[in-house]
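A.B. asks: With the input below, show me the fold.
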Amino acid sequence: MPLHKLELEGFKCFGRRQKIDLEPITLILSPNPSGKSTLLQGLLALCQSLSGLLLRRLACSGR
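C.D. replies: Have a look, this model is predicted:
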């Protein structure tokens with residue numbers, strides 16, 4: 001499933017809600033310290049949360 005948009009709020013340097021369109025995207029370019037690493041850490045946290053949810057669902061279904 002492709003990721004089209006990301007919304008962050010209260011995560012590191014993203015205090016206020018920020019909406020970030022992710023398509024089409026080929027690179028992230030901005031001055032220091034504008035939140036590039038934070039954006040990637042937010043995506044990683046999302047992936048980890050979703051993978052944990054998937055593992056729990058698989059465990060509950062007996063697979």
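A.B. asks: now for the lowest-mean-pLDDT helix or strand in the chain, which elements pack on it?
C.D. replies: Every helix and strand of the chain was ranked by mean pLDDT, DSSP states H and E. The lowest is helix 36-61, at a mean of 81. Where contact means 3 or more C-beta pairs under 8 Å, 6 or more residues apart in numbering; DSSP states H and E, helix 36-61 is packed against strand 5-8. Every residue, glycine included, has its C-beta placed from N, CA and C.
A.B. asks: show me what contacts the residue most central in space within the chain?
C.D. replies: Centroid check for the chain by C-alpha atoms, centre = their mean gives Leu43 as the closest residue, at 2.3 Å. The contact partners of Leu43, by C-beta atoms under 8 Å, 6 or more residues apart in numbering, come to 3, 6.
A.B. asks: Could you give me the buried positions within the least confident helix or strand of the chain?
C.D. replies: By neighbour count on 16 or more other C-beta atoms under 10 Å, the buried set for helix 36-61 is 38-39, 42.
A.B. asks: Name the member of the residues you listed with the shortest distance to Leu8.
C.D. replies: Ranked by distance to Leu8 (C-beta to C-beta), the buried residues of helix 36-61 are led by Gly42 at 5.2 Å.
A.B. asks: Can you give me the distance of the closest one to Pro33?
C.D. replies: Distance of Gly42 to Pro33, computed by C-beta to C-beta, to the nearest Å: 15 Å.
A.B. asks: cool, and Leu40?
C.D. replies: Distance of Leu40 to Pro33, given as C-beta to C-beta: 13 Å.
A.B. asks: for Pro24, same thing?
C.D. replies: Note on Pro24: its distance to Pro33, by C-beta to C-beta, is 26 Å.
A.B. asks: So those two - more neighbours on which side?
C.D. replies: Pro33 (9 against 6; other C-beta atoms under 10 Å).
A.B. asks: Can you name the helix or strand that the more buried one falls in?
C.D. replies: Applying DSSP states H and E as the criterion places Pro33 outside every helix and strand.
A.B. asks: what's the closest non-adjacent residue to it?
C.D. replies: Nearest residue to Pro33 in three dimensions, chain neighbours excluded: Cys13, at 7.1 Å (C-beta to C-beta, 6 or more residues apart in numbering).
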